[in-house]
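[1] Give me a model of this one.
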Amino acid sequence: MAVTFANETTKRTSTLVADYPENILIDPELNGRVDTTEVETLAADIEANGQHTPCKIRKNDKGQPVLVFGHRRWRAVKLINQRRAKEGKTLIRLECAYDTLTDEQAFHAAITENRFRKENTPMDDCHNIGVWQKRFKKSMEEIAEIYFPEATKADEKATALKRVKDRAALVELAPEAAIAVRKGEVKVTAAVQLSRLSKDKQKEVIEASKATVKGKTRIKVSEVIAAKGGKSKTASSKASTPAKAAPAVKVTGSVYEAAEALAVAVGVWLEDATTAAEKALMTAHKQYRVLVPLKKSGKAA
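    Next comes the predicted model:
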């Protein structure tokens, strides 16, 4: 007898089935990922402890099973079976939940399931936003609602729309810049700056700006763009000047002045999170708290 469970995405019940990954088709455009992360650790966990969460599948017009989401689990089980086949061991099946979905519903389910996973990259988002626009004719506002359904207030919707637009802009990245984003060497805000430059200029910036911060490679995009005279297609002349340092924070009785210094420090840190910017942010925050103590249990500290 088939086991069913409630499916929050479609508000219906889904039947649990199991099949070999080789029998389940992949639609590369709709699987929710363009970057393929390693699955060695996941494969080892599945082989030792079993599959914790079922994938989602549907049927195409020919009645063939097609993966909706769970691409890493699909790859992990496929890797396990490739090894087992060489060793003459019994193959394992991929556990899946079958549901009746259209292409658009399937893609929506994949986005919903994947959007908060750590292994999702900004380049995944960029690819998927492009699919929403080209294949399903969605506007940026509609895509923002898909990614951030919890955004109901005007300011929340504006923030959601900006995030979607920022990731969509990454389609203009040169291959070298896209790789740096995938590796986490460039923040999305900096990557958006890069996307406004020519491909050749992006390569120059990537090569000239690599540095090591706290043991990790980081690319100081704003400094190099300024040094090389790069200017974005839409940005004002401010985009081609070095990031403004946070003003020296002095002891003052003005809450407004302290708040303004904190706001500027935050802006500088968001643009390029250098050690100096981080220290300036912490200093500005401490000074602000001197004037506006943190409240605890409804009383001022």
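[2] ok, which stretches of the stretch 1-150 of the chain are helices?
    All helices of the stretch 1-150 of the chain, identified by DSSP state H, counting those that start in this stretch, fall at 40-49, 71-87, 103-114, 122-134, 140-147.
[3] For L194, which of these is the nearest?
    Among the helices of the stretch 1-150 of the chain, the nearest to L194 by C-beta to C-beta is helix 122-134 (11.9 Å). For glycine as for every other residue, the C-beta is placed from the backbone atoms N, C-alpha and C.
[4] picking up where we left off before, would JSON lines of the helices of the stretch 1-150 of the chain with distance to E22, mean neighbour count and mean pLDDT be doable?
    Conversion of those to JSON lines gives the following (distance: least, C-beta to C-beta, whole Å; neighbours: other C-beta atoms under 10 Å; pLDDT from 0 to 100):
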{"stretch": "helix 40-49", "distance to E22": "15", "mean neighbour count": "14", "mean pLDDT": "94"}
{"stretch": "helix 71-87", "distance to E22": "7", "mean neighbour count": "17", "mean pLDDT": "94"}
{"stretch": "helix 103-114", "distance to E22": "20", "mean neighbour count": "20", "mean pLDDT": "90"}
{"stretch": "helix 122-134", "distance to E22": "24", "mean neighbour count": "20", "mean pLDDT": "92"}
{"stretch": "helix 140-147", "distance to E22": "31", "mean neighbour count": "18", "mean pLDDT": "94"}
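[5] Need those in TSV (columns: distance to L194).
    Below are those laid out as TSV (distance: least, C-beta to C-beta, whole Å):
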stretch	distance to L194
helix 40-49	31
helix 71-87	28
helix 103-114	25
helix 122-134	12
helix 140-147	20
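[6] what's the closest of these to V290?
    The nearest among those, by C-beta to C-beta, is helix 122-134 at 37.3 Å.
[7] Which strands or helices does that closest one pack on?
    helix 103-114, helix 140-147, helix 154-169, helix 175-182 (3 or more C-beta pairs under 8 Å, 6 or more residues apart in numbering; DSSP states H and E).
[8] Check the gap between V164 and I111 for me.
    11 Å (C-beta to C-beta, to the nearest Å).
[9] How about H52?
    In terms of C-beta to C-beta, H52 sits 21 Å off from I111.
[10] And for A44?
    28 Å.
[11] and what of V66?
    16 Å.
[12] does Q287 count as helix, strand or coil?
    Three-state call for Q287 (DSSP: H, G, I helix; E, B strand; the rest coil): helix.
[13] Break the chain into its domains for me.
    For the chain, automatic domain parsing gives the domain ranges 4-119, 244-293.
[14] Now N120. Nearest residue, chain neighbours left out?
    Spatial nearest neighbour of N120, chain neighbours left out: N114 (5.5 Å); criterion: C-beta to C-beta, 6 or more residues apart in numbering.
[15] what's near enough to touch that neighbour?
    N114 is in contact with 32-33, 69, 120, 124, counting by C-beta atoms under 8 Å, 6 or more residues apart in numbering.
[16] C-alpha coordinates for stretch 190-198, PDB please?
    Output of stretch 190-198 as PDB, limited to C-alpha atoms (Å, rounded to 0.1, in the frame of the first residue of the first chain):
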ATOM      1  CA  ALA A 190      30.800  43.600  -5.100                       C
ATOM      2  CA  ALA A 191      29.800  41.200  -7.900                       C
ATOM      3  CA  VAL A 192      27.100  43.500  -9.000                       C
ATOM      4  CA  GLN A 193      29.700  46.300  -9.300                       C
ATOM      5  CA  LEU A 194      31.800  43.900 -11.400                       C
ATOM      6  CA  SER A 195      28.900  43.000 -13.700                       C
ATOM      7  CA  ARG A 196      28.600  46.600 -14.800                       C
ATOM      8  CA  LEU A 197      32.100  46.600 -16.200                       C
ATOM      9  CA  SER A 198      33.300  45.100 -19.500                       C
END
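[17] From here on, call the first residue 42.
    From this message on, residue numbering opens at 42, which makes the last subject stretch 231-239.
[18] Buried residues, it. List them.
    231-238 (16 or more other C-beta atoms under 10 Å).
[19] Equivalent analysis for stretch 67-81, please.
    Across stretch 67-81, burial judged by 16+ other C-beta under 10 Å covers 71-75, 78, 80.
[20] what does stretch 212-232 give?
    Using 16+ other C-beta under 10 Å as the test for burial, stretch 212-232 gives 213-215, 218-219, 221-223, 226-229, 231-232.
[21] now, the most widely separated pair of those residues?
    E213 and E226, at 17.8 Å, using C-beta to C-beta across the buried residues of stretch 212-232.
[22] got a list of contacts for stretch 167-185?
    Residues beyond stretch 167-185 that count as contacts (C-beta under 8 Å, 6+ apart) turn out to be 70-71, 73-75, 144-145, 148, 152, 187, 192, 198, 201-202, 204-206, 208-209, 211-212.
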